[in-house]
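*Asks:* For reference, the sequence and a predicted model appear below.
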Amino acid sequence: MKSESLPAAPQAATVTSELLAQHSITPSEYERIVAALGRTPSLTELGIYSVMWSEHCSYKSSRVHLKRLPTKSDRVVQGPGENAGIIDAGDGWACAFKIESHNHPSYIEPFQGAATGVGGILRDIFTMGARPLAVMDSLRFGPLTESKSTPREVIHKNHSIVEGVVHGIAAYGNCFGVPNLGGETRFEECYSGNPLVNAFALGLVRRDEIFYAKATGIGNPVIYVGAKTGRDGIHGATMASEEFKEGSEQKRPNVQVGDPFMEKLLLEACIEAMKTGAIVGIQDMGAAGLTSSSCEMGARGGVGLEMNLDHIPQRETGMTAYEMMLSESQERMLLVADKGREQEVLDVFAKWGLDATIVGTVIAEPRLRILHHGEIEADIPNTSLTDEAPLYHRPVGEWKAPVPAEPTKSALDKLGYEDQSSTRNHTDDLRTLLASANICSKRWVHEQYDSMVQTNTVQGPGAEGGVMRIKGTKRGLSMALDGNGRWCYLDPKLGASHAVAEAARKVACTGATPVAATNCLNFGNPEKPEIMAQLSNAIDGISEACIALGTPVTGGNVSLYNETRGEGIYPTPVLGIVGIIEDVAKTVPAAFQKAGDSVLLIAPAKLPTIEDRLREFGSSEYAKTILGELWGTPPSLDLSAEAALQKCLAEFADAGLLHSARDISDGGIAVTLAEGSFENGIGVSAHLQEGPDLPIAWQLFSETATQVIVTCDAAAVEKIRAIVSKHNSLLVQNIGETVKDRFRIQVNGKTVIDESVHGLQHVWAGALEAKLYDEVLA
Amino acid sequence: MKFGVLVFPGSNCDHDTYNVISEIAKQPVTMLWHDSPNLENCDAILVPGGFAYGDYLRTGAIARFSPVMQSVKKFAADGGVVLGICNGFQILTEAGLLPGALMRNAGLKYICRQVYLRTETTNTPFTGTLKKGEVLKIPIGHMDGNYVCDAETLAALERDDRIVFRYSTAQGEISPEANPNGSLGNIAGILNEGRNVLGMMPHPDRSSESLLGSADGYRIFASMVLALQQNESRSPAVQEVAAR
């Protein structure tokens, strides 16, 4: 492929303001393009710039802020900037993991949008040589039941999005053969027009067999493998970088179609081809497909790539260079092989029945050069597409609390705040909370996922964290996702810190030591200063918590423009935390195991003031679901107490002291105790002692942070106290014991809840299906 | 004794099944690639779960035409022991090695969860170490596990004691509530007429270690190993007589 005989520059496009607008390129960005090229771009080049400089690919609004995240530790092998982050998992193993959003496509076409979200994150993992070990998802939807603010037609749309997304995730992951450990699913009104689908994946690779997305070796062949290129998904990245308007459904052709069978073959073929030792670098074709994989691999290696599109396997006839470079057809990879050994690689792909074609060469000039039908269609300096893409210091507004700090009089009355003699039925309150969308069982979701394939699943969906063993070792990996959009709405910084702390606490409850994080930052339109304030504050909150808890961020994804008709979502950073268990046989379950165990509450020694607790109660599920109000702030968070608690949990597990552990979160201590009871039909008889003039509901349902419930043999209680006593910031309270079939809570000596475990379980287990189907049946 | 695990493009429990034989049963085992008819002198064939050839048409509908399946048919006809798990069961019914078919689950959704099976017969090379009526905790993971057959076939299965497992409660009760997918008569696994081919929807490969929630499934592999050992211990002459 000699380029000397070809015309020196591609044919200039006729650039109009409409053409630039269609490509979401601003006039000043266009000036930069002309300066980088030294001439007018061709249409193909304009398309390439538009996707590479889109928010989705360039992080142009968030990059300056992301720099504040901690990214290093002794365990981190690869931080942000590659296909996935990698940590050392011990015994010669490394663990690649990442979370990524597929929000916009999942709104437009829920099944395929969610399916290809799973496909994309899996490729990010196995492109690094890691075999995917587990996936999880963090999902946000609009409400499932009608209310004043959410009319019937919106509910119907929400139902179809939930069905489609869950089915899409299941169809892709089940066929591919990776266990899905659940994750979390929440519902709020703000997600009706903007559901969030964040897919997390984790894979295992030998420490010395990691592959990077870097092109090296002038003259090395560039090989295209996997599915053929079609016209699907063109401009998907640009779509994901815009707000939704009326008629966004018309963008359906921008959503790609997934083929999990093809992806499974691609996985097996890639892993087998990597074993030949003939592959130099490899990158999956995700957003902006051929374009991003080629220019990013070149830029990382300080070299260029010249590709002849005549050789690209094509699914449709008459495709132009523009269409091929922007296609987002799924299940494709670009790799660089050792010159002279390309046949070994091609043979492996032929065995698996996949296309593998040499489409270009690594060149010395650090440029992306695209040939088609004997013409140069693009000739761009790589770094102008990657490192030198625009970087915006967008105006960051002053963050202001969106709701009042104090509750209304009517909420206080309902709570019985002034008058403790009020006769609220707390068993009914508990039932209402257990049946609420955010708290009820998500079995309907996760039973559609294969959670056991690969035979490594020690703890699957429904536990605090998913736990996988590493075959051939004693070790295990624990993982959890968390993000509370409502809390981030009330205080982006504190809410984001909570996402880190809670995900890490869930991991610690399984007996693991949390070691690293990945984040998916879902926000509204960054061109609004108030949204940038949310983003900036949230990043500060994540940074503080990750530093305090020793979990550096190794990568992730930013999803902006999550707005429909100007209505933004709650700021929703979602954190994925990975932890290591040295002896996976010591994994701690989340459910109560047997009657007669001691039930201990471990909590911060220093409680907030009464005024603070009232303010914090306004962010709880109880306030939202039962009082129908939102006020105040998320619970306060003492990160040093949190770190101490997580250390204690690892120590308890290592000493084999615990029969179960779960963190107190949505719905407070009453809900936590109830959820611990369901799996084995083992309830509790608990006694809570607190100031006699506090509302009982508040003691049962407030969501104070850094608290866990553990159960153990009575003989282990003193050992647990001894471990906790090393930390001044924490206290242990023995609050009762586990009992068969019964669920009883006393507050200050008075029985406030007394119900059969089965009765409570019934409302919790069937609530989600009831919300989805009852109306249809009626 | 040697086990062979079939590998179709899209098989995804091939490694799991292989792992149980090599790491837990500690027996020789090899992978058999779909486009070769060579069964490499294996003494037992395991058809693993997954989505052979993507299963976009109908589960197992394409796999039955693969070269390796032509050899498996001959192997089974000669009395060779064959276990099909999940997608393996679907392939064996499509290939005509087992009667009936597996339709879409009654709830129309994929279901992954632990279920209980009642052992209906021990007169098989797969259940020799079990007791009749014994309840096993073994998980399912499938979209199409709803077993159906015509009345005549069902009568023959029952008459010939060829229903090996039925979905039950933990106490061994056969009830509609214990049936996860709508299968006729709660059927979870059946034998061929020769009693040497078993197809079952639940995954013994996923329940062979207590760390993973149950080791009950391993009893099936252990029974196979025992049956094959007994077979080996017979002299070739005796085997020849037995084969007639």
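*Replies:* Yes, it's here. Since the model is a prediction, treat every value here as computed from it, not as a measurement.
*Asks:* remind me which residues of the stretch 451-600 of chain A are low pLDDT?
*Replies:* Applying pLDDT under 70 to the stretch 451-600 of chain A flags no residue at all.
*Asks:* So which residues on it come close to chain B?
*Replies:* A:451-458, A:469, A:471, A:584-585 (Cβ under 8 Å from any Cβ of the partner chain). Yep, even glycine has a C-beta here, placed from its N, CA and C like the rest.
*Asks:* out of those residues, which are buried?
*Replies:* Neighbour-count burial within these applies to A:451-458, A:469, A:584; the criterion is 16 or more other Cβ atoms under 10 Å in any protein chain shown.
*Asks:* now the stretch of helix or strand residue B:154 belongs to: mean pLDDT?
*Replies:* Using DSSP states H and E, residue B:154 sits within helix B:151-159. Here helix B:151-159 scores 98 as its mean pLDDT.
*Asks:* what is the orientation angle of the following helix or strand past it with helix B:151-159?
*Replies:* Next helix or strand after helix B:151-159 toward the C-terminus (DSSP H and E): strand B:163-168. On the basis of axes from the mean of the first three to the mean of the last three Cα atoms, to 10 degrees, strand B:163-168 is oriented at 100 degrees to helix B:151-159.
*Asks:* Strand B:163-168 near chain A anywhere?
*Replies:* No - Strand B:163-168 lies out of reach of chain A by Cβ under 8 Å from any Cβ, never closer than 15.4 Å.
*Asks:* Out of the residues of the stretch 451-600 of chain A next to chain B, list just those in strands.
*Replies:* A:457-458, A:469 (DSSP state E).
*Asks:* on that earlier part again, can you put the buried ones among the residues of the stretch 451-600 of chain A next to chain B in JSON lines and add distance to residue A:546?
*Replies:* Shown next, in JSON lines, are these (distance: Cβ to Cβ, whole Å):
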{"residue": "A:451", "distance to residue A:546": "28"}
{"residue": "A:452", "distance to residue A:546": "31"}
{"residue": "A:453", "distance to residue A:546": "32"}
{"residue": "A:454", "distance to residue A:546": "29"}
{"residue": "A:455", "distance to residue A:546": "33"}
{"residue": "A:456", "distance to residue A:546": "27"}
{"residue": "A:457", "distance to residue A:546": "27"}
{"residue": "A:458", "distance to residue A:546": "26"}
{"residue": "A:469", "distance to residue A:546": "26"}
{"residue": "A:584", "distance to residue A:546": "25"}
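*Asks:* got the contact list for residue A:707?
*Replies:* A:601-604, A:663-664, A:669 (Cβ atoms under 8 Å, 6 or more residues apart in numbering or on different chains).
*Asks:* now with 6 Å?
*Replies:* A:603, A:664 (Cβ atoms under 6 Å, 6 or more residues apart in numbering or on different chains).
*Asks:* now do residue A:533
*Replies:* Applying Cβ under 6 Å, 6+ apart, the residues contacting residue A:533 are A:396-397, A:399.
*Asks:* Doesn't it belong to a helix?
*Replies:* Yes - counting by DSSP: H, G, I helix; E, B strand; the rest coil, residue A:533 falls inside a helix.
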